[in-house]
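Enquirer: My questions concern the predicted model and sequence given below.
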Amino acid sequence: ILNVEQSPQSLHVQEGDSTNFTCSFPSSNFYALHWYRWETAKSPEALFVMTLNGDEKKKGRISATLNTKEGYSYLYIKGSQPEDSATYLCAFGDYKLSFGAGTTVTVSA
Amino acid sequence: GAGVSQTPSNKVTEKGKYVELRCDPISGHTALYWYRQSLGQGPEFLIYFQGTGAADDSGLPNDRFFAVRPEGSVSTLKIQRTERGDSAVYLCASSLELGAEAFFGQGTRLTVV
């Protein structure tokens, strides 16, 4: 079992504000880093799969960066909207993913 | 189907009973995974199938847990003599091939009373 840590555990954001949170993972034997968004009563939705050090990915207002040498990834949400409210999970590994406990984001209108 | 389908969505069972959880993966996906998420934790890997065979079952917590995928499509996770500690959300995912992007179902919430 690989140790994947996410912080903070939860955060509250006002609509329109930007925010970011962290995923840390073992820096050795890196394969891939995945970000998922999991809304209540829905399936976890894949946001990004990141494989290269220095990778930056973007999907709409959400973006992510990756530093494999120091073992961390940031997820950024720009101009948060209520529909961004969800738990964001990061996962590390190849086919056998080790997940963090998630960061639960609540966006207030 | 369009996505990964899991049934039932909720299951309440009494301690000591046997339960089966079903997963219908995306058509054509050869890899299928089961994960379990307990309260306050991230999902934990249970077992992975490539085709019909269990390629890695190292995450199954004990021999009360067993999973099958007889025709390389639908999978069933079976739990014998359920215990209250088995209460969790059981997630199934599938991918086109090993290590490719995994698509998850909505999960089955199992409650053992």
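Expert: Received, thanks.
Enquirer: Three-state assignment for residue 40, please.
Expert: With no chain named, the answer covers chain A. coil (DSSP: H, G, I helix; E, B strand; the rest coil).
Enquirer: Please name the residues that touch the residue in chain A positioned nearest to chain B.
Expert: When scored by Cβ to the nearest Cβ, chain A has residue A:99 as its residue closest to chain B, at 3.2 Å. Using the backbone N, CA and C atoms, a C-beta is placed for each residue, glycine as well. By Cβ atoms under 8 Å, 6 or more residues apart in numbering or on different chains, the contact set of residue A:99 is A:4, A:89, A:90, A:91, B:35, B:42, B:43, B:44.
Enquirer: repeat for residue B:61
Expert: residue B:46.
Enquirer: and it, what helix or strand is that in?
Expert: Assessed by DSSP states H and E, residue B:61 sits outside every helix and strand.
Enquirer: next one: residue A:36
Expert: Residue A:36 belongs to strand A:33-38, assigned by DSSP H and E.
Enquirer: Strand partners (parallel or antiparallel) of the helix or strand following that strand?
Expert: Note on strand A:33-38: by DSSP H and E, the next helix or strand toward the C-terminus is strand A:45-50. Paired with strand A:45-50 in the same sheet, following DSSP bridges, are strand A:33-38 (antiparallel).
Enquirer: pLDDT on the strand it pairs with, on average?
Expert: The average pLDDT for strand A:33-38 rounds to 96.
Enquirer: Stretch A:78-94 now?
Expert: Mean predicted confidence for stretch A:78-94 is 95.
Enquirer: Next, the buried residues of that stretch.
Expert: For stretch A:78-94, the buried set under the neighbour-count rule, 16 or more other Cβ atoms under 10 Å in any protein chain shown, comprises A:80, A:84, A:85, A:86, A:87, A:88, A:89, A:90, A:91, A:92, A:93.
Enquirer: does it come close to chain B?
Expert: Yes - Stretch A:78-94 lies within reach of chain B by Cβ under 8 Å from any Cβ of the partner chain, at A:89, A:91, A:94.
Enquirer: May I see these organised as CSV, with secondary structure and distance to residue B:98 added?
Expert: Shown next, in CSV, are the residues of stretch A:78-94 next to chain B (DSSP: H, G, I helix; E, B strand; the rest coil; distance: Cβ to Cβ, whole Å):
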residue, secondary structure, distance to residue B:98
A:89, strand, 21
A:91, strand, 15
A:94, coil, 8
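Enquirer: So which residues of the chain form strands?
Expert: Here I'm looking at chain A. A:5-7, A:10-14, A:19-24, A:33-38, A:45-50, A:56-59, A:62-67, A:72-77, A:86-92, A:98-99, A:103-108 (DSSP state E).
Enquirer: was after chain B, sorry
Expert: With DSSP E as the criterion, chain B has strands spanning B:5-7, B:10-13, B:19-24, B:31-37, B:44-50, B:53-56, B:65-68, B:75-79, B:88-95, B:103-104, B:108-112.
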